[in-house]
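> return atomic coordinates for the entry below.
(4 chains)
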2 protein chains.
Amino acid sequence: MAERPRLPFDPIERAGELWGERIGDPSAMRLATSIMRVQQLLLAEFDRVLRPFGITFARYEVLVLLSFSHAGELSLSKIGERLMVHPTSVTNAIDRLVDAGLVSRTADGVDRRRVLASLTAEGERVLKDATKALTDIDFGLASLDDADRERAYQLLRSVRSADFE
Amino acid sequence: MAERPRLPFDPIERAGELWGERIGDPSAMRLATSIMRVQQLLLAEFDRVLRPFGITFARYEVLVLLSFSHAGELSLSKIGERLMVHPTSVTNAIDRLVDAGLVSRTADGVDRRRVLASLTAEGERVLKDATKALTDIDFGLASLDDADRERAYQLLRSVRSADFE
DNA sequence: GGAAAATGATAGGACATCCGACCAACCGCG
DNA sequence: CGCGGTTGGTCGGATGTCCTATCATTTTCC
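Below is the predicted model:
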């Protein structure tokens, strides 16, 4: 992936320094752009690792979610709620997973508005192999030890929590 | 934005706990998915704040980059390199910024392959106002103080640096 | 009981991103 | 000096995300 453009630092982050006198909050801007860049790099790496399995990270997350559901199936709305994505994104992902034979769509007998998704045997196999591939690369976070991961997680967690109240 | 689906925790992050025996690295998966969620929330908020200005966060970053260039102009390849995005993404963003009258495209007299982009007066004005709007919301990071932002930044920085070995 | 409101899923449109392919221009080396 | 490799930018296609709108079904409440 040598052709992928990368830099050891992010010029945008230097905005904070350069704009020190002009804007009020350089540290916030620097962290915000850093989060964007890291997500960009991680997602690219995940999708590259998952490509041999014919799925993307977005679809991988759906498979993970389904494998955790006690009943073995989830309504599309529940999936969207848990992944915090728009309902149309869920429909899109499930469409592709069904086409690939990894997920099956069934109607909910109780509430006929609902559509339930569940893993197929093939879906479970792919999920297992894909998870091994991702853990083999430490989810792109090999540079952090467990303590650092916990610290980073707690810091980010407060950002998400702040979105509620 | 009450209709935007959110949860105080991310079920996917619990994957680490649930898969404690099955996968080797729950902490990495949990942090990785947390980074994805936070980026998702921040980007949505940024785009919402920037909508009145007719730009997205991707285009805002281009404007910021141009305003920092000493010469006042940058080649598209340089922009892509610094933002770590594909050349086609830069072409796309510049196209829209030119259409909006915020950026002007000029040919490089020395290397005729190059296309240079520079801010228009209108572009500078929009950049200034948009930056104020984003700093007014603390770039979505009001829940963290300066020290926490610095800690989070340093942790994420190592993830990016690790990509270079 | 039935009309109004809320919920679940999907369709169509807009954007941003990537990839592969392509063309133009530069440049290195025989 | 020129041929081949590299670099810069763009085009078409695929994916994922959001938004608005729509339809079907369920729930609320008068």
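> excluding chain neighbours, what is closest to the residue of chain A found nearest DNA strand C?
Residue of chain A nearest DNA strand C, by Cβ to the nearest atom of the strand: residue A:77 (2.7 Å). For the C-beta atoms, the positions are set from N, CA and C on the backbone; glycine is no exception. Sequence neighbours aside, residue A:87 is the residue nearest to residue A:77 in space, at 6.5 Å (criterion: Cβ to Cβ, 6 or more residues apart in numbering or on different chains).
> over to residue A:119?
residue A:66 (4.9 Å).
> circling back to that earlier point, residues contacting the residue nearest to residue A:77?
Contact analysis of residue A:87 by Cβ atoms under 8 Å, 6 or more residues apart in numbering or on different chains lists A:76, A:77, A:80.
> which parts of chain A are strands?
Remark: strands assigned in chain A by DSSP state E are A:73-75, A:103-107, A:115-119.
> show me what contacts residue A:38?
Taking Cβ under 8 Å, 6+ apart, we find residue A:38 in contact with B:35, B:39, B:156, B:159, B:160.
> closest one of these to chain A?
Taking Cβ to the nearest Cβ as the measure, chain A lies nearest residue B:39 of the contacts of residue A:38, at 3.8 Å.
> pull the number of nearby residues for that closest one.
By other Cβ atoms under 10 Å in any protein chain shown, 20 other residues sit near residue B:39.
> surely residue A:43 touches residue A:57?
Yes: if you go by Cβ atoms under 8 Å, residue A:43 and residue A:57 touch, sitting 6.0 Å apart.
> quick one on the thing from earlier: read off the pLDDT value for the residue of chain A closest to DNA strand C.
The confidence metric pLDDT takes the value 94 at residue A:77.
> okay, it and residue A:56: tell me how far apart.
Shown here: residue A:77 relative to residue A:56, a distance of 21 Å by Cβ to Cβ, to the nearest Å.
> do residue A:44 as well
11 Å.
> swap in residue A:100?
Relative to residue A:56, residue A:100 is positioned 11 Å away (Cβ to Cβ).
> same check on residue A:125?
Residue A:125 is 18 Å from residue A:56, by Cβ to Cβ.
> show me which residues of chain A are close to DNA strand D?
Within reach of DNA strand D by Cβ under 7 Å from any atom of the strand, chain A has these residues: A:55-56, A:58-59, A:84-89, A:92-93, A:96, A:110-113.
> still on that earlier bit, shared neighbours, residue A:43 and residue A:57?
Each of residue B:36 lies in contact with both residue A:43 and residue A:57 under the rule Cβ under 8 Å, 6+ apart.
> with neighbour numbers in mind, choose between those two.
Neighbour totals were compared for residue A:43 and residue A:57, and residue A:57 leads with 21 against 18 (other Cβ under 10 Å).
> now the more buried one. Nearest residue, chain neighbours left out?
The shortest distance from residue A:57 to any non-neighbouring residue, by Cβ to Cβ, 6+ apart, is to residue A:46 (4.1 Å).
> quick check, pLDDT for the one you found.
Residue A:46 carries a pLDDT value of 93.
> same question for the one 5 residues further on.
Confidence at residue A:51, expressed as pLDDT, is 91.
> that one: how many residues sit nearby?
By other Cβ under 10 Å, the residues close to residue A:51 number 10.
> can you give the domain ranges for chain A?
Each domain of chain A is listed here as a residue range: A:9-53, A:54-138, per automatic domain parsing.
> residue A:145 is nearest to which of those?
Closest approach to residue A:145 among the domains of chain A (Cβ to Cβ): domain A:54-138, 10.6 Å.
> looking at chain A, which helix or strand does the model trust least?
Across the helices and strands of chain A, the lowest-confidence element by mean pLDDT, DSSP states H and E is helix A:14-18, at a mean of 48.
> residues contacting residue A:63?
Residue A:63 neighbours (Cβ under 8 Å, 6+ apart): A:55, A:97, A:102, A:103, A:119, A:123, A:126, A:127, A:130.
> quick one: pLDDT of it?
Taking residue A:63 on its own, its pLDDT is 96.
> would you confirm that residue A:126 contacts residue A:53?
Yes: look at residue A:126 against residue A:53 with Cβ under 8 Å: they come within range, at 5.3 Å.
> for the lengthiest helix in chain A, which positions count as buried?
Using DSSP state H to define each element, chain A has its longest helix at helix A:26-50. Within helix A:26-50, the residues that count as buried by 16 or more other Cβ atoms under 10 Å in any protein chain shown are A:26-39, A:41-46, A:49-50.
> would JSON lines of the strands of chain A with mean neighbour count be doable?
As requested, the strands of chain A are exported to JSON lines (neighbours: other Cβ atoms under 10 Å in any protein chain shown):
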{"stretch": "strand A:73-75", "mean neighbour count": "19"}
{"stretch": "strand A:103-107", "mean neighbour count": "15"}
{"stretch": "strand A:115-119", "mean neighbour count": "21"}
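> which one, of the ones you listed, ends up nearest to residue B:140?
In terms of Cβ to Cβ, the element of those nearest to residue B:140 is strand A:73-75, at 29.0 Å.
> relative to residue B:125, how far out is the residue nearest to residue A:77?
The gap separating residue A:87 from residue B:125 is 38 Å, by Cβ to Cβ.
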